[in-house]
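**Q** only geometry, no sequence info:
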């Protein structure tokens, strides 16, 4: 018996037989086919459940983070820290957790607990979005804690990794300030000059120029 043909644009061709082949395979492998369908259906249901469940967790995490921040702004720092710790612990796989850690570091810094704050900031150095902020804040913690050498190293590390970040001018200014405090006047002068060169039309350049003028106006120490 000749194979079925169909006509399009005046041309006769052999009709596709893939559908018939598939039906024949299903007929002879019914259990395998049904099992495969069940597995695929279960996988689809699980994927949908996971997506909905994760989205619910994420939304709850961000809501709790917002509440913790508002509590902190209201002055109840202890309650805010506890709420932030709960977000970190209970919603660690959501995108809100790193922000909770960063906020906890900010609260500890405001309390003068600079080493504890730096420890929190260190936790988010691997987060692409928050790493620059955490890196710079670690430098501020070291500076506030009196570790001027460590602060200078941290600011320099920030500038080497994130030279184009919007916080780079501030990092340069903080570096120059730490250099001044440590007595490295020449290094500070060079950093201020770099700020003026890199950011000529910014407020940072104006502040740097003022510092340069102030340094030049100071009388040299009298020789004994």
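**A** It's in. Please read these numbers as outputs of a predicted model, since none were measured by experiment.
**Q** so how far is residue 102 from the residue most central in space within the chain?
**A** Per CA atoms, centre = their mean, the C-alpha nearest to the average position across the chain is that of residue 129, at 2.3 Å. Taking CB to CB, to the nearest Å as the criterion, residue 129 is separated from residue 102 by 10 Å. All C-beta spots, glycine's among them, are computed from the backbone N, C-alpha and C.
**Q** and if you look at residue 145?
**A** Per CB to CB, residue 145 is found 19 Å from residue 102.
**Q** distance of the residue nearest to the centre of the chain from residue 95?
**A** Taking CB to CB as the measure, residue 129 and residue 95 are separated by 9 Å.
**Q** over to residue 171?
**A** In this structure, residue 171 and residue 95 are separated by 26 Å, where distance is defined by CB to CB.
**Q** looking at the two, which is more packed in?
**A** For residue 171 against residue 95, the residue with the higher neighbour count under other CB atoms under 10 Å is residue 171, and the figures read 23 against 13.
**Q** is it true that the more buried one touches residue 160?
**A** No. Counting by CB atoms under 8 Å, residue 160 is not a contact partner of residue 171; they are 10.3 Å apart.
**Q** quick one: low-confidence parts of the chain?
**A** Within the chain, the ranges that satisfy pLDDT under 70 run 1-56, 218-224.
**Q** would you map out the domains in it?
**A** What the record gives for the chain is the domain set 54-131, 146-216, from automatic domain parsing.
**Q** now those domains as JSON lines including distance to residue 139?
**A** Conversion of these to JSON lines gives the following (distance: least, CB to CB, whole Å):
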{"stretch": "domain 54-131", "distance to residue 139": "9"}
{"stretch": "domain 146-216", "distance to residue 139": "4"}
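**Q** for residue 137, which of the ones you listed is the nearest?
**A** Among the domains of the chain, domain 54-131 comes nearest to residue 137, with 4.9 Å by CB to CB.
**Q** tell me the gap between that closest one and the middle of its chain.
**A** Centre-to-centre, domain 54-131 and its host chain are 13 Å apart (CA atoms, centre = their mean, to the nearest Å).
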